[in-house]
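>>> with the input below, show me the fold.
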Amino acid sequence: MLNKNDVIPLYVQLKDVLRGEIMSGKLKDNDALPSESQLMKNYSITRTTIRRAIDELVQEGLVERVHGKGVFVRLRQTRHTVWNFQSFTEYAFGKSQYPITKVLEQKVIKESNNRMLHLTRLRGVKTNRTISWLTIDTSIIPLSPFPGLEQYDFEENSLYELFRQQYKLYPHHVDIEIVPITCDHWTHKQLQLNNYDPLLQSKGSVYTENGTKIEDINIIYGPKFQFKLNQYI
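The predicted model follows:
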């Protein structure tokens, strides 16, 4: 059952339940998800909550809406993604932790006469009163499809949630490379590390379903970050 008193939003809880049933094989490829009416009855939630959870699963490439028929598991669609890339906010809520963001740099720059948002954020999770810093995320985002994006407070707003809800542009897949790096003094200080062990860094770009690039990313992962990869073979 879903916990309405939990800090994790109900749509995230429902999404995690459905994703778990898909990844465990309880719901197999081409199986229909329960109808909205059935989910409303089973979990005592609103239709809006259900649709938001399904929207997220669609964006992850796990399900497909078929007009007039329902929502169906479509695991084969994950072949088009490097991994089930999701926002840090979703990552944290999915682990029953509260996401914390500290903006290290936010400015508008010009590249080839195009206005770009340069955004660097320190990302972590809060458990009880303890904050664990997990990643340093740098994003470079063209502002032409996202007018006014530079005015948002990214310590309070999820970047990908703004993409979806305010601008109706949906991150679909990511093309990245992951490499080991040496931990320098600045990174060591930001992540509050105890030593200078090598870290992992991912660099690449995020695209919409039609192949439009909407973000260049550079993410440094601290030693406490946990990777979970899902890929249909």
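>>> okay, CA-based contacts and neighbour counts for the rest of this
Will do.
>>> how many other residues sit next to residue 205?
19 (other CA atoms under 10 Å).
>>> hmm, it is touching residue 175, no?
Yes: the pair residue 205 and residue 175 qualifies as a contact (CA atoms under 8 Å) at a distance of 5.5 Å.
>>> what are the buried residues along stretch 170-178?
Across stretch 170-178, burial judged by 16 or more other CA atoms under 10 Å covers 170, 171, 172, 173, 174, 176.
>>> so which of those residues comes closest to residue 60?
The shortest approach to residue 60 among these belongs to residue 172, at 7.1 Å (CA to CA).
>>> so who does that closest one touch?
59, 60, 81, 206, 207, 208, 209 (CA atoms under 8 Å, 6 or more residues apart in numbering).
>>> check the gap between it and residue 50 for me.
20 Å (CA to CA, to the nearest Å).
>>> ok, then the element right after the helix or strand of the chain with the lowest mean pLDDT?
When each helix and strand of the chain is scored by mean pLDDT, DSSP states H and E, helix 88-94 comes last, with a mean of 61. Counting by DSSP states H and E, the next helix or strand C-terminal to helix 88-94 is strand 98-111.
>>> who does that next one touch, helix- and strand-wise?
For strand 98-111, the elements it packs on are helix 88-94, strand 114-127, judged by 3 or more CA pairs under 8 Å, 6 or more residues apart in numbering; DSSP states H and E.
>>> can you list the buried residues in the helix or strand following the longest one?
Scanning forward in sequence from strand 114-127 by DSSP H and E, the next helix or strand is strand 130-142. Along strand 130-142, the positions that meet the burial threshold by neighbour count (16+ other CA under 10 Å) are 132, 133, 134, 135, 136, 137, 138, 139, 140, 141, 142.
>>> in this structure the third one contacts residue 102, no?
No: with contacts counted by CA under 8 Å, residue 134 stays clear of residue 102, the gap being 11.6 Å.
>>> shared neighbours, these two?
Common neighbours of residue 134 and residue 102 (CA under 8 Å, 6+ apart) are 122, 123.
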